[in-house]
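> sequence plus the predicted model coming up.
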Amino acid sequence: MNLTRCEGYAQCAFLAPDVFRMHGAEALVYDAAPDDAQRDRVLRAAAACPVQAIMVDGIGAREASAPATLSVTPPVPAGPSGRWRDAAVEAFRRDGHIVIVGASLAGLRAGAVLRRDGFTGSLTMIGDEPYQPYDRPALSKQVLDGWVAPDHTELPLRSELDARWRLGVPAVGLDLAGRQVRLANGDAVGFDRVLIATGTRARPWFNDTEAALDGVFVLRTRDDAAGLQRRLAERPGRVLVIGAGFTGSEVASACRSRDLPVTVVERGPAPLVGALGGVIGAVAGDLQREHGVDLRCGVTVTRLEGDGDGRLRRAHLSDGTTLDAEVAVVALGAVRNTEWLRGSGLAVGPWGVGCDAGCRAFDVNGVTTEDVFVAGDVARFPHPLYDYQFLALEHWGNAVTQAEVAAHNMISVPPDRWPHLATPVFWSSQFGTNIKSVGVPTFADEVVIAQGSPATRRFVAVYGYQGRVTAAVGFNHGKWLEFYAGMIEAAAPFPPDFRAVDQPGDRQPVPARMPDRKSRDYEATVVVTGHDPSERRAELIYHR
């Protein structure tokens, strides 16, 4: 299900109610692996979807998720050089060996596009988990509320890749000179071209002893979700959620749907403030309180306390109070999986893997490579819509579209390569509300309510930066986001001046109240050596 396209029309929920369900006005949840008895209903639902957001297993056709901004340049011109390059690319498509490190959404999508676009060579998929690729957004939604089993989150397209799967063995090194990926079991996998799609992992609790207490969880993997779901089913007396980003807020929503007492502790002034700013974050805070969440902002958890048997019993907060809790979910963001690339010669660090808009990785000197590509959460790339600033987006839609671009470029001559120019899209379902954004809200200094009203929890907020529209966020107003995406791509003036459905009387912009993005000097430092231009080289120095 491509929820970046879904607009909540609910035709699927009417036609296949055992597979698709609506939570509230627009928030859709679904079972990604229904049994065969539901097949006909799912096919009818897919045919009826007004925006064609339902993907049934198969890779025969280009899905609607392909970025609309992509285009193919004219063929390589005739001549000796063009003929040679075409012949080399065709030989690579036929006999080359591509390795994809990261067997999740981006890696799977890239593999599917490679096969769809004519790559018949050897394809190896490497993943650190023992499972076939699965859909992570469902873990904090359908799985935690008990509707979908953890093993019903697998992604389609696996059987059509004709790939060699190396699952359950993480990559530990990349040898560019030897063209090999080194694995934890001592094996080495050779490649002609490699795609890095290793994504992120949950940021752990800072104290290892406290993190090991029975009842302390993170949520990133299928096993994480299965363990937390089992504990929630035992109906703990109180659940503590540490962090009110999207994951933490969705966990709190799942707890309240089970009628479990839940306390959310957030160091910022409101939930989602790091992604949406203080103005819209305050609306999200009101939404949580309305649904019975004990929301505590402006404080942190300083210590988790266990009993004599190693079970979580209490949390100590920075305001001097304590909180009894049997379950704590640490939702403090993500860490990009780049450690295995240290010493590879690539530009890698806690920020991700640097690459150009064509998904080609940078080496440590900032020079693009020709045989190493990057896609998904781990990629850091420049986006022209945002002053060519480097973005690292942990979004489902970005993983899909960037993987498509990377796969296409891996098997194309340079003139035929695509840039990754898709407008970022993100969604979250929490407390019966569908929150969907287009653009990058954090790249803004002002915000205005363009449609609806925050008081009704049904509105569109438009963000602007220095007089142009840069993002829009809808609460249960997802049907309008495509229009605002067009405004972002056209650099429309901010504040927007147009007549709209459900237009409020006062459309006065206010400061978006984005958090201060101070750069942090930690873990990786670049040192430049040499004097003459021919000698100048960069080196990454890692420290804590």
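That came in fine, so what should we check first? Numbers count the residues shown, from 1 in each chain.
> residue 385 and residue 491, how far apart?
To residue 491, residue 385 is 8 Å away according to CB to CB, to the nearest Å. (Each C-beta comes from the backbone N, C-alpha and C, glycine too.)
> between these two, which one's more packed in?
residue 385 (20 against 12; other CB atoms under 10 Å).
> so the more buried one is in contact with residue 485, correct?
No: counting by CB atoms under 8 Å, residue 385 stays clear of residue 485, with 10.6 Å between them.
> which residues are common contacts for these two?
423, 439 (CB atoms under 8 Å, 6 or more residues apart in numbering).
> quick check: phi and psi on residue 211?
Main-chain dihedrals, residue 211, degrees, to the nearest 10: phi -60, psi -30.
> do the same with the one 3 residues further on
Main-chain dihedrals, residue 214, degrees, to the nearest 10: phi -70, psi 120.
> so who does the residue nearest to it when sequence neighbours are not counted touch?
Excluding the flanking residues, the one nearest residue 214 by CB to CB, 6 or more residues apart in numbering is residue 311, at 4.5 Å. Neighbour list for residue 311: 213, 214, 215, 326 [criterion: CB under 8 Å, 6+ apart].
> want to throw these into a markdown table with pLDDT?
Output for those, formatted as a markdown table (pLDDT from 0 to 100):
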| residue | pLDDT |
| --- | --- |
| 213 | 98 |
| 214 | 98 |
| 215 | 98 |
| 326 | 97 |
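> most widely separated two among these?
The span of the contacts of residue 311, defined through CB to CB, is set by 213 and 326 at 10.5 Å.
> overlap in contacts of the two?
With CB under 8 Å, 6+ apart, residue 213 and residue 326 have common neighbours 311, 312.
> mind jotting down where the strands sit in the stretch 401-544 of the chain?
425-430, 433-439, 446-453, 458-465, 468-475, 510-511, 524-529, 537-542 (DSSP state E, counting those that start in this stretch).
> lowest-confidence stretch among the ones you listed?
The weakest mean pLDDT among the strands of the stretch 401-544 of the chain belongs to strand 524-529, with a mean of 73.
> who touches it?
By CB under 8 Å, 6+ apart, the residues outside strand 524-529 that reach it are 348-350, 364, 535-543.
> now the helices for this protein?
Remark: helices assigned in the chain by DSSP state H are 11-15, 39-48, 80-95, 105-116, 208-211, 222-233, 246-257, 273-290, 396-410, 481-489.
> the residue nearest to residue 214 and residue 457, how far apart?
38 Å.
> how many residues are close by the residue nearest to residue 504 when sequence neighbours are not counted?
Spatial nearest neighbour of residue 504, chain neighbours left out: residue 449 (5.6 Å); criterion: CB to CB, 6+ apart. By the criterion of other CB under 10 Å, residue 449 has 21 neighbours.
> my guess is residue 449 meets residue 461, correct?
Yes: distance between residue 449 and residue 461: 5.6 Å, which falls inside the contact criterion (CB under 8 Å).
> from residue 232, how far off is residue 221?
16 Å.
> so the two - more neighbours on which side?
Neighbours per residue (other CB under 10 Å) separate residue 221 from residue 232, with residue 232 holding more: 23 against 19.
> ok, residue 340 - contacts?
Residue 340 neighbours (CB under 8 Å, 6+ apart): 170, 171, 172, 173, 174, 198.
> how about residue 244, what does it touch?
Per CB under 8 Å, 6+ apart, neighbours of residue 244: 252, 264-266, 268, 270-272, 284, 288, 295, 297, 331.
> measure it to residue 282 for me?
Residue 244 is 12 Å from residue 282, where distance means CB to CB.
> overlap in contacts, the two.
Common neighbours of residue 244 and residue 282 (CB under 8 Å, 6+ apart) are residue 270.
> the nearest residue to residue 205 once chain neighbours are set aside: neighbour count?
Residue nearest to residue 205 in three dimensions, not counting chain neighbours: residue 211, with 3.9 Å by CB to CB, 6+ apart. Counted with other CB under 10 Å, the neighbours of residue 211 add up to 15.
> with residue 485 instead?
Around residue 485 sit 20 other residues, with neighbours defined as other CB under 10 Å.
> again, but for the one 5 residues further on
Look at residue 490: counted by other CB under 10 Å, it has 10 neighbours.
> what about the protein, any weak spots by pLDDT?
By pLDDT under 70, the low-scoring segments of the chain are 1, 24-25, 57-85, 157-159, 517-524, 543-544.
> mind doing that once more with 80?
By pLDDT under 80, the weakly predicted segments of the chain are 1-10, 14, 21-33, 35, 52-85, 156-160, 500, 505-506, 516-544.
> format the helices of the chain as TSV; extra columns: distance to residue 422.
Formatted as TSV, the helices of the chain follow (distance: least, CB to CB, whole Å):
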stretch	distance to residue 422
helix 11-15	24
helix 39-48	23
helix 80-95	24
helix 105-116	13
helix 208-211	36
helix 222-233	27
helix 246-257	20
helix 273-290	18
helix 396-410	4
helix 481-489	10
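> from residue 136, how far off is residue 142?
Taking CB to CB, one finds residue 142 at 11 Å from residue 136.
> try residue 118
29 Å.
> ok, these two, which is more surrounded?
residue 136 (23 against 10).
> quick check: that one touching residue 202?
No: here residue 136 lies out of contact with residue 202, judged by CB under 8 Å, at a distance of 10.8 Å.
> name the residues contacting each of these two.
Going by CB under 8 Å, 6+ apart, residues that sit against residue 136 and also against residue 202 are residue 220.
> residue 167 against residue 102, yeah?
No: assessed by CB under 8 Å, residue 167 is found out of contact with residue 102, at 11.4 Å.
> partners of the residue lying closest to residue 189 once chain neighbours are set aside in the sheet?
Nearest in space to residue 189, with sequence neighbours left out and distances taken as CB to CB, 6+ apart, is residue 181 at 4.7 Å. Beta-bridge partners recorded for residue 181 (DSSP bridges): residue 174, residue 189.
> and residue 181, how many neighbours?
Neighbours of residue 181 using other CB under 10 Å come to 24.
> tell me who's in contact with it.
By CB under 8 Å, 6+ apart, the residues touching residue 181 are 99, 101, 126, 171, 173, 174, 175, 188, 189, 191, 194.
> how near is the last one to residue 176?
Summarising the geometry, the distance separating residue 194 from residue 176, computed by CB to CB, is 9 Å.
> likewise the third one?
Computed with CB to CB, the distance linking residue 126 and residue 176 is 16 Å.
> more neighbours: the two, which one.
Neighbours per residue, other CB under 10 Å: of residue 126 and residue 176, the larger number sits with residue 126, 25 against 15.
> quickly list what the more buried one is bridged to.
Here residue 126, judged by DSSP bridges, has bridge partners residue 101, residue 166.
> any idea how far it lies from residue 482?
36 Å.
> same check, this time on residue 31
Taking CB to CB, one finds residue 31 at 26 Å from residue 482.
> now do the buried residues in stretch 296-307.
296, 297, 301, 304, 306 (16 or more other CB atoms under 10 Å).
> of these, which is the nearest to residue 509?
residue 297 (24.3 Å).
> hang on, the closest one packs against residue 270?
Yes: look at residue 297 against residue 270 with CB under 8 Å: they come within range, at 5.9 Å.
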